[in-house]
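> Next come a sequence and a model predicted from it.
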Amino acid sequence: MLRPSKIICVGKNYRDHAAEMGGEVPPEPLLFLKPPSSLLANGAPIRRPPQSSHVEYEGEIGLVIGRRLVDATEAEGLAAIAGVVAVNDVTARDLQRTDSQWARAKGFDTFCPVGEVVPVPASLEDIVVVTRVNGQERQRGRAGDMVYAIPMLLSYISRIMTLEPGDLVLTGTPAGVGPLVAGDQVEVELVGLSRVANPVEDR
């Protein structure tokens, strides 16, 4: 299991997802954090908390940082990626809509399932992320469709906060987010690379 010092996430980084959330793409990358305590291994249950009645999946391309980044160029950011990993940015959508910041909606225990970290492929832009619920495809997106490309994101983040080896960066989710209920099985796959699948239960 990964042990990052922090999990940095990018919101609304696909135009179709920004539209389905009822908003525009932000003029700069929209960043938020998930706590390391939200990490969950492949196969372990996502536990819906009693505080929320609307928990959703968000399949994402995760990046594992391999070297310290401070004020990095895009080329330095790209060179610092140690691996990629399938991640599910589980979100209590009702709480996200009522809170002015997202620590609660994004931070519950079990809200960050991660798969196996794999080597960086030859083309980051060609990574495809797919989410399935009970075997049915719900999301499909390609890294090349991101508003803010991966090298730009790493450079941007490193000019705000130091990225340490082992840190995890989530790059945004494509359109198609939707609810999870107890008894569901949700899977996020970076096609041909990494996969994480988890059952859903109520806490």
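Thanks, I have it.

> From here on, just use CA atoms for contacts and neighbour counts.
Fine.

> and the nearest residue to residue 202 once chain neighbours are set aside, what does it touch?
In space, residue 202 comes closest to residue 48 once its chain neighbours are excluded; the distance is 4.7 Å by CA to CA, 6 or more residues apart in numbering. Contact partners of residue 48, counting by CA atoms under 8 Å, 6 or more residues apart in numbering, are 55, 181-182, 200-203.

> one more time with 7 Å, if that's ok
55, 201-203 (CA atoms under 7 Å, 6 or more residues apart in numbering).

> again with residue 70
Neighbours of residue 70 in contact, by CA under 7 Å, 6+ apart: 158-159, 162-163.

> ok, so of the contacts of residue 48, who is nearest residue 42?
For the contacts of residue 48, the closest approach to residue 42 (CA to CA) belongs to residue 201, at 14.7 Å.

> Kindly list the main-chain dihedrals of the closest one?
phi -140, psi 160 (degrees, to the nearest 10).

> For it, name its beta-bridge partners.
Using DSSP bridges, the bridge partners assigned to residue 201 are residue 47.

> for it, what are its contacts?
45-48, 182-183.

> with those in mind, which one is nearest to residue 61?
Nearest to residue 61 among the contacts of residue 201: residue 46, at 18.7 Å, using CA to CA.

> Report the separation between that closest one and residue 38.
Separation of residue 46 from residue 38 (CA to CA, to the nearest Å): 10 Å.

> In terms of neighbours, single out the busier of these two.
Remark: of residue 46 and residue 38, residue 46 carries more neighbours, 29 against 18, as counted by other CA atoms under 10 Å.

> What residues does the more buried one make contact with?
Per CA under 7 Å, 6+ apart, neighbours of residue 46: 110-111, 198-201.

> could you redo the last one with a cut-off of 10 Å?
38, 40, 90, 108-113, 180-182, 184-186, 197-203 (CA atoms under 10 Å, 6 or more residues apart in numbering).
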